[in-house]
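Colleague: no letters, just coordinates:
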């Protein structure tokens, strides 16, 4: 009852602000913040070829550290850094608008894997196969899922940089066997509610954001739902979408999750699990380090496993970033050398140790220092889970899809539409969007 009242009050506040519940669309219509360019003029060597690399804000400053090291050791190139808008939608818009105008504000840029087909289709980014052949980059040295997500129409358009995916964290001091299906998780979550001093049994990021978008896809794909086929053509499997959304709702509106789930982001979910409030947590790899840090109440008391499956198997959804080259750049070879450096040993190791991220270079998963921080990296089950991860969606219509899907998902989670109505509406709206484009 408290949870439903919270959602109703939240909905009324959004309506009162005349903003509609699709905050993602609203954000995209607001003025975009002016990106910053960071560079120490004293380090600039005029004899070197200068390029600009752009990415979203990195609070750990790992990317700055890597750029400084590259500039110190490179005899030919110097990299300037451009910090892009922190907001996911604003960053997406800035990159598309910059490249669409033929602007060379940046030579190389970090993008989400799901943006690659659209950027490649419009020829905003440079195909990399010839550069890879000349530059000696070994495709076989990388996670298969990250490499596949960097391919469009049979060609390589990006070099993988990092990867992210959802996992199930389990309090091993409380739970017995690891639930293999969503139905098993629901059953044991009901049983554990209120036991062992627990406040709830299951916690996940529930706030309306990019994360709930990915979580919804995890449920939908695990029940056979589909929006586009492997060729990027519209192919809506409404039965699977309905099953997945209804299973999400069964958990989301249950009494074994926090009453304020709709206000919980990824960081807050990790924090509550580390406080010992829940048996299960859905989160990314960062939760492992966080829950084993000083101050955590669950150090050495939890394990990690693949997400539960639906009736179509496990569907871990791939997230993360790759690096692409602006097709308007006048220094493509220099840009390639830098993004290649970011995909190689030193940078990939630093990505884990300093930024807490997940690498894409296979050898990084067996590095002694990396394993000391994330010991589960070296397990076959972990690598298999990551390599079997599926793309969010692989379509040149990514923006249309996300706008439509998030709008409909919000209506579903505010209980204004049924899963069947959402599936019908998504199919209809996607058909209309494809006709317009």
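Modeller: That came in fine, so what should we check first? What you see is a predicted model; the values in this text were computed from it and never measured.

Colleague: what ranges do the helices span in the stretch 301-437 of the chain?
Modeller: 332-342, 345-353, 368-373, 380-387, 398-413, 419-436 (DSSP state H, counting those that start in this stretch).

Colleague: now these as TSV including mean neighbour count?
Modeller: The way it works is simple: take the backbone N, C-alpha and C, and place the C-beta from them, glycine included. Shown next, in TSV, are those (neighbours: other Cβ atoms under 10 Å):
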stretch	mean neighbour count
helix 332-342	22
helix 345-353	20
helix 368-373	12
helix 380-387	16
helix 398-413	21
helix 419-436	16
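
Colleague: quick one: which of the ones you listed is nearest residue 301?
Modeller: helix 368-373 (17.9 Å; Cβ to Cβ).

Colleague: work out the gap between that closest one and the centre of the chain.
Modeller: How far helix 368-373 lies from its chain's middle: 23 Å, per Cα atoms, centre = their mean, to the nearest Å.

Colleague: and of the helices of the stretch 301-437 of the chain, who's closest to residue 58?
Modeller: Closest of the helices of the stretch 301-437 of the chain to residue 58 is helix 345-353, at 10.3 Å (criterion: Cβ to Cβ).

Colleague: just checking, what packs against the closest one?
Modeller: helix 62-73, helix 368-373 (3 or more Cβ pairs under 8 Å, 6 or more residues apart in numbering; DSSP states H and E).

Colleague: pull the number of nearby residues for residue 236.
Modeller: By other Cβ atoms under 10 Å, the residues close to residue 236 number 18.

Colleague: can you check residue 297 too?
Modeller: Using other Cβ under 10 Å, residue 297 has 11 neighbouring residues.

Colleague: same question for residue 97.
Modeller: Neighbours of residue 97 using other Cβ under 10 Å come to 11.

Colleague: what does residue 395 give?
Modeller: 23.

Colleague: okay, the closest residue to residue 431 other than its chain neighbours: pLDDT?
Modeller: For residue 431, ignoring the flanking residues on the chain, the nearest one in space by Cβ to Cβ, 6 or more residues apart in numbering is residue 234 at 6.8 Å. On pLDDT, residue 234 comes in at 93.

Colleague: against residue 269, how distant is residue 234?
Modeller: 33 Å (Cβ to Cβ, to the nearest Å).

Colleague: of these two, who's got more company?
Modeller: residue 269 (25 against 16).

Colleague: residues in contact with whichever strand or helix holds the more buried one?
Modeller: Assigned by DSSP states H and E, residue 269 belongs to helix 266-274. Identification of contacts with helix 266-274 by Cβ atoms under 8 Å, 6 or more residues apart in numbering yields 169, 199, 203-205, 211, 258, 264, 278, 281-284, 286-287, 290-291, 293, 295-298, 302.

Colleague: can you rerun that using 10 Å?
Modeller: 166, 169, 171, 199-200, 203-207, 209-211, 258, 260-261, 264-265, 277-284, 286-293, 295-299, 302 (Cβ atoms under 10 Å, 6 or more residues apart in numbering).

Colleague: quick one: that helix to chain centroid distance?
Modeller: 17 Å.

Colleague: what of stretch 364-374?
Modeller: 22 Å.

Colleague: hang on, residue 104 in a helix?
Modeller: No - using DSSP: H, G, I helix; E, B strand; the rest coil, the secondary structure at residue 104 is coil, not a helix.

Colleague: so what's it up against?
Modeller: Contacts of residue 104 (Cβ under 10 Å, 6+ apart): 51-52, 98, 326-331.

Colleague: in strands only, show me these.
Modeller: When the contacts of residue 104 are checked against strands (DSSP state E), the matches are 51-52.

Colleague: and the furthest pair within the contacts of residue 104?
Modeller: 98 and 331 (16.2 Å).

Colleague: low pLDDT regions in the stretch 301-437 of the chain?
Modeller: With pLDDT under 70 as the threshold, the stretch 301-437 of the chain has low-confidence stretches at 436-437.

Colleague: the most far-flung residue of the chain relative to its centre sits in which helix or strand?
Modeller: Farthest-out residue of the chain from its mean C-alpha position, per Cα atoms, centre = their mean: residue 47, at 38.6 Å. When elements are assigned from DSSP H and E, residue 47 belongs to no helix and no strand.

Colleague: tell me who's in contact with it.
Modeller: 75-76, 78.

Colleague: try 7 Å this time
Modeller: Counting by Cβ atoms under 7 Å, 6 or more residues apart in numbering, residue 47 makes contact with nothing.

Colleague: lovely, talk soon.
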